[in-house]
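A.B. asks: This is the structure alone, sequence omitted:
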């Protein structure tokens, strides 16, 4: 099975068992932005999760959250940001667009305030690395070592379909949890081979930034920078979710065969990545309308996330923690 299909099926399975936010392919670096991409991120609800749901279904710009804008009084926008004016302006406009800021004018000057206080909504963050076939590990060991030494997430887990041997365990850092995913027809079952150890998210972290023969350059990341990066990671996960793909515009696409939001292809008999696999070059391709499945609506129906707060009362899914 491809890593893409494995990842989608795992997300669909975890969504049914968890009550938080799931997202795919998110940056989890601090000193080297983009240097580490985590396959799946699960953000468990913190004490004010419902308040976050009520703000907006979009990601709130980190620069807006970190600004001096508050709910008490309106500030002149240029005095509220410790950023280059262009970046500040982009964050300002986005915060206004998603409803986190409101604007007023005084003597031709622009002032802003927060519509609501930014809530304490982020609970435990779990990073999941997907490697269905451990016979082709790639950069797996280095990636997991980075997760442990940086400790940006509260727990790191490896998910695989392979039988996990002692040799595999020896290459996987002890703090990393291990899941073996079993397939039972159209459903998945997770065998917890090893529970993850809590990572020291409130302590300084070590992030590798460059590897050379006989030498690895690292950066020491402060707890303050980690806390800021964790909030950015959680916000990105909240706005993005895991359904970031399109269903194929092909007659062979039958998502209802397995799960309505998964791009299942009856011609190949598996989940496909429409962006890279579907089209006239595929022998089984037959042009057709995309399946009438609204991925955003499905996310809203199945999770606590609400696309447009105020339109309805958010539902809470099951309270089981999967790890």
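C.D. replies: Yep, that arrived. This structure is a prediction, so every number in the text was calculated from the model and none was measured.
A.B. asks: hey, let's count contacts and neighbours off CA atoms from now on
C.D. replies: Noted.
A.B. asks: In terms of helices and strands, where is residue 96?
C.D. replies: helix 85-98 (DSSP states H and E).
A.B. asks: All the helices of the stretch 151-300 of the chain, residue numbers only.
C.D. replies: 166-171, 223-240, 274-277, 295-302 (DSSP state H, counting those that start in this stretch).
A.B. asks: So for residue 41, which of those helices sits nearest?
C.D. replies: helix 223-240 (7.1 Å; Cα to Cα).
A.B. asks: for that closest one, packing partners?
C.D. replies: Contact here means 3 or more Cα pairs under 8 Å, 6 or more residues apart in numbering; DSSP states H and E; on that basis helix 223-240 packs against strand 21-27, strand 37-45, helix 62-65, strand 122-130.
A.B. asks: Now do that helix and strand 37-45, the angle between them.
C.D. replies: Interaxial angle of helix 223-240 relative to strand 37-45 (axes from the mean of the first three to the mean of the last three Cα atoms, to 10 degrees): 90 degrees.
A.B. asks: so residue 298 makes contact with residue 261?
C.D. replies: Yes. Judged on Cα atoms under 8 Å, residue 298 makes contact with residue 261 at a distance of 7.4 Å.
A.B. asks: chain center to stretch 94-105, what's the gap?
C.D. replies: When C-alpha coordinates are averaged (Cα atoms, centre = their mean, to the nearest Å), stretch 94-105 and its chain have centres 25 Å apart.
A.B. asks: hmm, back to that, minimum distance to residue 103: which of the helices and strands packed on helix 223-240 has it?
C.D. replies: Of the helices and strands packed on helix 223-240, nearest to residue 103 by Cα to Cα is helix 62-65, at 13.3 Å.
A.B. asks: And that closest one, what does it pack against?
C.D. replies: helix 85-98, helix 223-240.
A.B. asks: any chance you could map the strands in this protein?
C.D. replies: With DSSP state E as the criterion, the chain has strands at 21-27, 37-45, 75-76, 101-106, 109-114, 122-130, 155-160, 177-184, 187-194, 205-212, 215-221, 264-265, 270-271.
A.B. asks: Just give me how far the third one sits from the chain centre.
C.D. replies: Think strand 75-76. Distance, centroid of strand 75-76 to centroid of chain: 33 Å (Cα atoms, centre = their mean).
A.B. asks: Likewise for the fifth one?
C.D. replies: When C-alpha coordinates are averaged (Cα atoms, centre = their mean), strand 109-114 and its chain have centres 31 Å apart.
A.B. asks: Residues touching it, excluding its own?
C.D. replies: For strand 109-114, the surrounding residues in contact (Cα atoms under 8 Å, 6 or more residues apart in numbering) are 69-77, 100-105.
A.B. asks: Closest one to residue 186 out of those, please.
C.D. replies: residue 100 (41.2 Å).
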